[in-house]
Structures are given as C-alpha cells and as structure tokens.
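Chemist: coords below, sequence missing:
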DNA sequence: GTGAAAGCGCTAACAC
DNA sequence: GTGTTAGCGCTTTCAC
C-alpha cells in the first residue's frame, strides 16, 4: 500500500541523515541532537517506520524474547502464572514465546530445540522435565534456564518453587488438629518434585503425631484420573474421613465425585484439602481449604532471577523457595476453637 | 564451554565446504548431494550447530512466529483456545508470541506495535478491539490479522467466531419451552460483538414467542462484577425464574451467589444458562446448560485461514462462523417430555 | 551440485 | 554529534 518495506536506510535518505543517525534515534541511550531526532522522527512517522527487531537482535545477540514451556493449561494455576509472567515480562520490555508441551510428550527435546533456535534470552520451564542433553545445549548456547514450580537436582539452572514440603506438613497438622482419624492422599504424577515434596511433608506431619496414611490412590494431576482415583477410594466400605488431594485441580474433581456420586457432604462427612489456591478454590461451590502457591511472588522472583542472569551471565543460578501459607476455608473440618 | 558461537561459516570450514552448502543442507527443498549432506551433518552434530532462525528470517522475511493477543486468562475459554492454537501452530512449524492485553488497557496499540516489530507472520487477536490505526499498520506491514471470537465491521481482517446470534436464540427457545415466565439476562461487556450477538439472538427468540426480558443487569464478563450483577438482580422481590448469563465464566459466579447467598436451588427455583461450554461447565457442581463454542473447530479454522493468507497474501480475508450447538445439562429446567 | 559474492535491516566501532 | 565502514548469520542469485 504505502510502497515497499520501510527501512532505516529509506528513512535516513528521506531525512537527509545517515543510517546510524536513524538507528541512534531509536536506541534509548544514544546521543543525538534534538534537531536530528526531530527530523528523523517526523519522517519515520510519515512513513510508519519501526525498527526491525530481528535485525537488531542479530547484532546485539539479544532477542528480548523469553521462551516459556508449559505442559498444559487445564490446571488453572498455569494460565494464571503465564498471564502474570507475561505481564511482568512485558513491563521489562520482553515478550513471551510460548510452547505447549502437552501433545508432544515424546519429543519435547526437539521442539524445545526449536524454541532455542529463536535465540531466546532465557527459558522458563514450567512443570516439565528437561533432559540433561538439552540442558547442555542451553548451557552451550548461553541460554539461562529457569525451572518454575519444579525442582531438579542440577544446579545448572535456577528454579522458583513454593515450599511444598512445609505446605504438605501444614496440611497434615491441620487435618490432625481437626480430629481426623482416617487420612488419605490422592497423589499427582509421581515423577514431579512437587508431588514428592508435598507428600513428603504431609507424611512427615502425620508421622510426627504418630499417625499414618489410611489410603492412597493416584490422580496424576489430571481431572479425569482424579475422578477415578476418588471412586476407587470411596467405593470401599472403610472410607477416609479426610483426603489431601495433591492439587486443587484434582481436588475439584474429587469433591464433585464424592458429593454427586457418593452423596457425602463436605466437610461433615469428609474433609478435603488441596494445594495451589487457584482462583476457583475460593468459589463458594468448592470453598476449598488449601495451601497457597503465591504466584505473584513466584513470578516476581522469576523475573528478577531472569533479569539478573540476562544482564550478567556470570550470575550463579539460584534455587528460590517461596513460602506457602495455609488457606483455611470450609472444605475441611476445623480444629475445635479455631478462629480465623 | 564448547568455544564460541557455532555458525554456518564455522561448520562450512570444518566440513570443507562452502557456507551455501551448509545452508542447503538445512533448507528443506534444496539440492545437495548425499555426500556433502552427510559431511555437513556430521560436523554440525559434533559442534551442536543449529541455524539461527532470526538470521534466516531477516532474509526470507518469514519469522514463523504468529502473534497472539489475548485480554486475559481468567475465563477458561481463552487459555483453552490458546493451548489448542499453540499446539496446532506448532504442528505447522510456527510458534506463538503471546501478548496479554489485560493490564495495559490503554496502550494496547503501543504494545501491539511491539509485537508487530517482531515481524510476526500473522496476528491473532482474541477479544480485543483494534484501532483502525493499527489495522492500517498491519496492512502496510503485510501482516494478516485475524479476529478470534470477535467480529468487527472491517473486511480487512479475517475473523473466526461462533454463531453467537443463533446460539442466543436457541437459549431463548429452550428457556421458553421450559415454561419460564420471568426470563432475565446478565450481560457481558457491551462493547463486545459476542455480547451484542448473543443478546440479539436471545431477544429475537423471546420476541418470536411474544415474550420479553424480565430484567437485565451487567456483569462485564468478569467474575466479581457478575456476582454483583446477580445480587442486584435477586435482591428485589420480583426475582426471575430463569437467567441467561452471557458466558459460562460469569454463570459460575451467578450460580454460586444464587445458591450460597440466596439459598435458592438450581434449577428448581431458578434456571441458569450460560455460553461457551468451557470444561468447568461439565463439572457436576455446575452442570451448566450452555451453548458450545466449538473451540477445536474454531482453532482449525484459524490455522487454515492463517496458512492460506501467509502462503498467498493475495487471499481475501474471510469471515468464518462456526455453528454453536445447545448443550443441555442440569442447570435449567427442561421442557416437558424432553429427552436427551 | 557447488562456491563466490551480494545483501537482508540493523548496530557498533571508529574517525572526524 | 554525526557519518563511514564493517559485519551480525544467514539465504540466494549467479556462474561454473
């Protein structure tokens, strides 16, 4: 429409200055005289010129793109976190190149490779395991990797997670204080560090009071599998009086099954507690007692860790743990004398 | 670690071939002898060479990046759609650069500009209005724009939306057939074409039966505002016996308020219908009768429209409407003799 | 089929 | 403060 590609060369010619002058006008810290700047700006506006970020990146070696790998959006915790992360990064002048790892279970490495090919300045990996092969590639490419909501025994990457162990323990203590006798657990995917830690803390909490797990089934962090796990658990006569479900998303599935298929009341007949404190947990249909993953704080930590590693690649990766408070609502019987 | 940047030049030198040869090996349709290819591949693997996508884009003019603008992820419809879109695009060798438009209400244009600067091959705009200024910029830059779940009276962009008008009408007919007398509506954001069309169809459906709206409040598509809208609607003595809430997300808020704050039963005391059929609508706590936006189909349409416009920029933008079936569940009283 | 050369749009030294 | 020059890593004619 308005002719062909508008490049800095064209703007320079039209404004009667050099290409570098144009470049400097569009480079934050550069020194240009107000006069030149004005001339250039005028022509640029007329022509609708905007610097080509890709060309710039080729030189500077910085793309201002952060790659984000996330398994799925089914569990509200993730879209929520991604939204916050994206917003925070935008504020810093970065953008998010997203990669959904759900479908491509097998060849995560391949497509993760693709994302690195975009010369991303950093990679945030949420709840997905990275092969050590890939870690090496990132390392070689100088791309800092940050694990979000996961911990991996490899200090080559930073990580931000909540204190899952303590969270689990708080839940056990709360349930015990509430006088529950038959405490069960519906686990998530057992390969996840979050699962391991939450359950570890929970069991430690039980053990400290001389209690132990009544039953245990596996929900794999998925809604439908959690439904099955709940059915399996409640079909037997000796049903639990409290269940710690490894995340809120599964807890909703479990609550629905317990109420609609088994006709039990929550918390009168069974107490349910979850983990994450996603927005839905506060909805009155669930009113779920849970442990909060403070996603705002976690995202802030991610951004600051990212920024410092991008600015100074020498920065050592660090493992950050955010505290996880117990959020008491109505889905679990409260200890006697409990007050808000 | 493994020395410095691994470029095609380096690989070429090590393999004893020209840079062009290396390039050809990594270009799908190019002609290279198996011998050369093998030599190059070997060296490339050793060195961990991968073509720099940015440099390639600079030449080809194609970044294989699709920009996606989305207002917020609070309403599950969006993360769900983005996940599907991202997956579909990945399959086509594209990646998604995401931009959350929630926080930056005012300066959407500015940041949308930023996203264009990345030389995206196309732009998918979900539920966000575009200024005509921006449209022009995209047009000039040759970036095809596709509106997702919105319609705008400007045939310069393609759009994919569901048949909101018919969907609204179906809901009215269903409620009427169910014998409801006082039918109310809780609207979403009035600037949205989806709101306009859904309500338009709904009112037309009522009118066709000689009925009219009992009451109307506004929820703006947000959970909390919808709660207020519900309170406002049910505080008065003359409460409705059925409510069409403009989307599922708000419907959940409304149902919760009606049940927990007003002690009413659904559907015995009040029928509720929504719109979208997000996954949560099927959860037994809500079991919501709604109209399905067939997100899989919508995403397929988006991808095919995008691909054809990217491949041939001459392709005329087209407006696609996907049919929207009524999904009958338990949140609204059914017509007599109704069978699944 | 292959290499040499040109150049995508831009930034970064370097002189002036 | 500004222009000149070189070159980021790659693809693409164009001869051979």
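Modeler: Here it is on my side, so go on. Note that this is a predicted model, so its numbers are computed, not measured. Numbers count the residues shown, from 1 in each chain, chains lettered A, B, ... in the order given.

Chemist: got any ranges where chain A has weak pLDDT?
Modeler: A:1-3, A:103-106 (pLDDT under 70).

Chemist: tally of neighbours for the residue in it positioned nearest to chain B?
Modeler: Closest contact between chain A and chain B, by C-beta to the nearest C-beta, is at residue A:79 (3.5 Å). Just so you know, the C-beta spots here come from the backbone N, C-alpha and C atoms, and that holds for glycine as well. Number of residues near residue A:79 (other C-beta atoms under 10 Å in any protein chain shown) recorded here: 25.

Chemist: Disregarding residues adjacent in the polypeptide, which is nearest to it?
Modeler: By the measure of C-beta to C-beta, 6 or more residues apart in numbering or on different chains, the closest residue to residue A:79 outside its immediate chain neighbours is residue B:79, 3.5 Å from it.

Chemist: Check which helices and strands the host helix or strand of that neighbour sits against.
Modeler: Using DSSP states H and E, residue B:79 maps to helix B:77-91. In terms of contacts (3 or more C-beta pairs under 8 Å, 6 or more residues apart in numbering or on different chains; DSSP states H and E), helix B:77-91 is packed against helix A:77-91, strand A:95-100, strand B:65-70, strand B:95-100, strand B:122-126, helix B:295-311.

Chemist: Just send these back as a markdown table, with distance to residue A:265 too.
Modeler: Listed next are the helices and strands packed on helix B:77-91 as a markdown table, based on distance: least, C-beta to C-beta, whole Å:
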| stretch | distance to residue A:265 |
| --- | --- |
| helix A:77-91 | 27 |
| strand A:95-100 | 38 |
| strand B:65-70 | 39 |
| strand B:95-100 | 40 |
| strand B:122-126 | 40 |
| helix B:295-311 | 35 |
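
Chemist: Ok, which of the ones you listed comes nearest residue B:336?
Modeler: helix B:295-311 (32.6 Å; C-beta to C-beta).

Chemist: okay, the angle between the helix holding residue B:79 and strand B:122-126?
Modeler: With axes from the mean of the first three to the mean of the last three C-alpha atoms, to 10 degrees applied, the angle from helix B:77-91 to strand B:122-126 works out at 160 degrees.

Chemist: could you give the angle of helix B:77-91 to strand B:65-70?
Modeler: Going by the same axes, to 10 degrees, helix B:77-91 makes 170 degrees with strand B:65-70.

Chemist: Using neighbour counts, pick out the buried residues of helix B:77-91.
Modeler: B:77-90 (16 or more other C-beta atoms under 10 Å in any protein chain shown).

Chemist: Count the neighbours of the residue nearest to residue A:61 when sequence neighbours are not counted for me.
Modeler: Counting by C-beta to C-beta, 6+ apart, residue A:119 is the residue found nearest to residue A:61 once chain neighbours are left out, at 7.6 Å. Residue A:119 sits with 20 neighbouring residues when counted by other C-beta under 10 Å.

Chemist: ok, now how distant is residue A:137 from residue A:156?
Modeler: Distance of residue A:137 to residue A:156, given as C-beta to C-beta, to the nearest Å: 12 Å.

Chemist: between the two, who's got more neighbours?
Modeler: More neighbours surround residue A:137 than the other of residue A:137 and residue A:156, with 20 against 14 (other C-beta under 10 Å).
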